[in-house]
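Enquirer: predicted model, plus sequence, below.
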Amino acid sequence: MNKLRYSFAGGALVAGVGVAALLLGLPGVQAQGGPVGIHGVDYGYQGVPGTLPAGETRFSFTNDSQAESHEMTLFRINDGVTESFDQILAEDEAQQNAQQGQQGGAQQGGAQQGGQQPPAEQSPPPAPKMSFFASTGSAPGQSAKMDLIGNLPAGRYGMVCFLPIANDEAGTAHYKKGMKAEFTVQ
Ligand SMILES: [Cu+2]
């Protein structure tokens, strides 16, 4: 049900292109200072710093919920983008919904017209406003199996959970209930 382009799986592909040199809990790799301890609750993050120093950083994620799995997916907001992380998420969702609507309409039209019409011209997608950085997550009451260690360039970052609310037929994502946060690295 990964509606969003910035899903866990999709993001992993982007990361492979070299967006960030991420070392997943590699032994011997030390981040300066202690880990940044992030706690997931229903539905939000606790312990998110307002600002972090640039450079090697270790994030340790613990899921304090007893009911829901949670993830901590990090994005770096692209340089020059002025929208807040909340705005970017909202725009992305609106864009996804519009694309789904277009696809549905095109299929219906094609059937009615016997498929004679050439496909409507697709406008190119807008430039992405953020880049996947890293992701981890854990089941209720557990810590993530590995810390995230990454070399954080200065900039603005977003943290988000795309997982759907359990037993919610609409599959509403946790971030829409508030499980999202923005912080700055400088
Ligand atoms: Cu969550």
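Expert: Great, that's in hand.
Enquirer: list the contacts for Ile165?
Expert: Taking C-beta atoms under 8 Å, 6 or more residues apart in numbering as the contact definition, Ile165 lies against 43, 68, 171-174, 177. For glycine as for every other residue, the C-beta is placed from the backbone atoms N, C-alpha and C.
Enquirer: most widely separated two among these?
Expert: Put simply, by C-beta to C-beta the two of those set farthest apart are Tyr43 and Gly171, 13.9 Å from each other.
Enquirer: which element is Gln95 on?
Expert: Secondary structure from DSSP states H and E places Gln95 in helix 85-112.
Enquirer: ignore what I typed, I meant Phe183.
Expert: Using DSSP H and E, the element containing Phe183 is strand 180-185.
Enquirer: show me what that strand is packed up against.
Expert: The contact analysis (3 or more C-beta pairs under 8 Å, 6 or more residues apart in numbering; DSSP states H and E) places strand 180-185 against strand 44-46, strand 51-52, helix 85-112, strand 155-160.
Enquirer: okay, those, which one's buried deepest?
Expert: Among the helices and strands packed on strand 180-185, ranked by average contacts under mean count of other C-beta atoms under 10 Å, first place goes to strand 155-160 (a mean of 22).
Enquirer: let me see the mean pLDDT of that strand.
Expert: Rounded to a whole number, the mean pLDDT of strand 155-160 is 98.
Enquirer: the ion contacts on the chain?
Expert: If contacts are counted using C-beta under 5 Å from the ion, the residues of the chain sitting beside the ion are 70, 161, 163, 174, 179.
Enquirer: okay but the last one is in contact with Val48, surely?
Expert: No: between Met179 and Val48 there is no contact, the gap being 11.0 Å when judged by C-beta atoms under 8 Å.
Enquirer: surely Asp79 meets Arg156?
Expert: No: Asp79 is beyond contact range of Arg156, at 9.0 Å (criterion: C-beta under 8 Å).
Enquirer: are any of the residues of the chain next to the ion buried, and if so which?
Expert: The neighbour-count test (16 or more other C-beta atoms under 10 Å) marks 70, 161, 163, 174, 179 as buried among those.
Enquirer: Tyr43 and Gly171: which is more packed in?
Expert: Each of Tyr43 and Gly171 has its neighbours counted (other C-beta atoms under 10 Å); Tyr43 has more, 20 against 11.
Enquirer: got the contact list for that one?
Expert: 68, 161, 165, 174-175, 177-179.
Enquirer: list the contacts of Gly158.
Expert: Counting by C-beta under 8 Å, 6+ apart, Gly158 has contacts 74-75, 77, 85, 88-89, 130, 180-182.
Enquirer: between the residues you listed, which sits nearest Ser143?
Expert: Out of the contacts of Gly158, the one with the shortest distance to Ser143 is Leu74. That distance is 16.9 Å, counting by C-beta to C-beta.
Enquirer: which element, helix or strand, includes the closest one?
Expert: Short version: Leu74 belongs to strand 70-77, going by DSSP H and E.
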